[in-house]
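**Student:** Return a 3D structure for these sequence lines:
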Amino acid sequence: MSRATIERFYAAFARLDADAMQACYAPDAHFDDEAFALQGRQQIGGMWRMLTEATRATGLPHWKLVATDITDHSAHWEAHYLFSATGRRVHNKIDAAFVFDNSGLITRHRDRFDFWAWSRQALGLSGLLLGWSGWLRKQVRARAAAQLKRFLQKG
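**Tutor:** Numbering: from 1, shown residues only. Down below sits the predicted model:
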């Protein structure tokens, strides 16, 4: 059942269907990656909605997602997209780990990727020079949290 949830999640992500992605999470789920630390299906779904809407608005011709190596608790996925803040092309390689409840919904989702590799692509020179630093990671997290807060307040 958990593998089916992961497959359903990435199929929805590939077609930029944030509602179907959100439906894969338990109400009290947790999500964490280099940019976000989120709690609850509503907040996590809001993040996916914000990201999928930005991709549709500015980078649909560049969008591609491929998920591989799917198991009952993990997957590898690669996303090709335009980073909306800079318009720069990104090819991000992510390893995901999942925990599920008894009904097959995601309770914990952790995405890991090489932040420095991502920041060089997404941010250009500043990512190249500062992507290794904790300071830039904190800046990216703070900016992402503020963007999500504004997005969720718009409703």
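**Student:** Only C-alpha atoms from now on, for both contacts and neighbour counts.
**Tutor:** Noted.
**Student:** quick check: longest helix of this protein.
**Tutor:** The residue-count maximum for a helix in the chain (DSSP state H) belongs to helix 134-154.
**Student:** could you give the mean pLDDT of that helix?
**Tutor:** Taken as a whole, helix 134-154 has a mean pLDDT of 92.
**Student:** That one: which residues count as buried?
**Tutor:** L136, R137, V140, R141, A144, A145, L148, L152 (16 or more other C-alpha atoms under 10 Å).
**Student:** Spatially nearest residue to A37 (excluding sequence neighbours)?
**Tutor:** Spatial nearest neighbour of A37, chain neighbours left out: F31 (5.8 Å); criterion: C-alpha to C-alpha, 6 or more residues apart in numbering.
**Student:** As a check, name the ranges of all helices in the chain.
**Tutor:** Under DSSP H, the chain gives helices at 2-14, 18-22, 41-58, 115-123, 125-130, 134-154.
**Student:** Adding distance to A79, write these out as JSON lines.
**Tutor:** As requested, these are exported to JSON lines (distance: least, C-alpha to C-alpha, whole Å):
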{"stretch": "helix 2-14", "distance to A79": "9"}
{"stretch": "helix 18-22", "distance to A79": "15"}
{"stretch": "helix 41-58", "distance to A79": "11"}
{"stretch": "helix 115-123", "distance to A79": "11"}
{"stretch": "helix 125-130", "distance to A79": "18"}
{"stretch": "helix 134-154", "distance to A79": "18"}
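**Student:** Would you single out the least confident of those?
**Tutor:** helix 125-130 (a mean of 82).
**Student:** now for that helix, which elements pack on it?
**Tutor:** Contacts defined by 3 or more C-alpha pairs under 8 Å, 6 or more residues apart in numbering; DSSP states H and E place helix 125-130 against helix 115-123.
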